[in-house]
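> Curious how this folds, go ahead:
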Amino acid sequence: MARPRSKTDITCQNPNCKYFLREEGKDILKRGKNRAGHQQYYCNHCRTWFVETANTPLYHKHLSKSEIIDICKHLVEKNGIRSIERITGHHRDTIGQLLEDLALHAEMVNSILLHDVKLGQFEVDEMWTFIKKNKRRLSQEAQMQMSKVMPGYSIS
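Predicted coordinates for the structure are as follows:
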């Protein structure tokens, strides 16, 4: 007799699937972990693989959640990109790309830093100010996302 499937909170991340982001009728299976340690899932309807970090700043990163939070804490302390590179051991291009991804997911990152990491609103505003100052060539989408979380920030 087969073991019953465990309950998954994940929905299909494939926009071409008819069960895309739908809870009812989904058929998602856990299928191991990738090299970064993220849980992989398989949708039996559209036959695609995806990871739990899809559509988050952790997607396509070889950094763990704790490493990204550590980098964010250094950003809050107004450390420069090169000093964060020396402290964490990650390349400055990796940190720069992470800044872009954080800006693209600004609302989600803001809520995580305020509620899960227990940073204050002023500390989070300092981080966004640092990102705005050091990443002058943010994409238009990243600028739009940052305007939602930073008071007084407008696209120039």
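> Which residue, other than its chain neighbours, is closest to residue 128?
Using Cβ to Cβ, 6 or more residues apart in numbering and skipping the chain neighbours, the partner closest in space to residue 128 is residue 150 (4.9 Å). For glycine as for every other residue, the C-beta is placed from the backbone atoms N, C-alpha and C.
> er, residue 22 actually
By the measure of Cβ to Cβ, 6+ apart, the closest residue to residue 22 outside its immediate chain neighbours is residue 11, 6.1 Å from it.
> What pLDDT is listed against that neighbour?
pLDDT, the model's per-residue confidence, is 83 for residue 11.
> what does the one 3 residues further on give?
On pLDDT, residue 14 comes in at 84.
> who's in contact with it?
For residue 14, the contacting residues are 20, 43, 46, 48, 50, by Cβ atoms under 8 Å, 6 or more residues apart in numbering.
> pLDDT weak spots in this structure?
The model of the chain has pLDDT under 70 over residues 1-3, 5, 57, 134-136, 151-156.
> now the helices for it?
In the chain, the helices defined using DSSP state H lie at 65-76, 81-88, 92-104, 106-111, 121-134, 140-149.
> Nearest to residue 55 among those helices would be which one?
Distances from residue 55 to each of these were compared using Cβ to Cβ; the minimum, 9.0 Å, belongs to helix 106-111.
> In the closest one, which residues are buried?
106, 109-110 (16 or more other Cβ atoms under 10 Å).
> do stretch 144-151 as well
When burial is assessed from 16+ other Cβ under 10 Å, stretch 144-151 yields the following buried residues: 145-146, 149-150.
> cool, stretch 59-68 as well?
61, 63, 65, 67-68.
> can you give me the end-to-end distance of that stretch?
12 Å (Cα to Cα, to the nearest Å).
> Touching that stretch from outside, list them.
35-37, 51, 53, 57-58, 71, 88, 90, 94, 98, 101.
> make it 7 Å
Contact with stretch 59-68 is made by 36-37, 53, 57-58, 88, 98, as judged by Cβ atoms under 7 Å, 6 or more residues apart in numbering.
> out of the residues you listed, which are buried?
The buried subset of the contacts of stretch 59-68 (16+ other Cβ under 10 Å) comprises 53, 57-58, 88, 98.
> Dump the residues you listed to CSV, plus distance to residue 140.
Compiled in CSV, these are given as follows (distance: Cβ to Cβ, whole Å):
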residue, distance to residue 140
53, 24
57, 18
58, 23
88, 29
98, 19
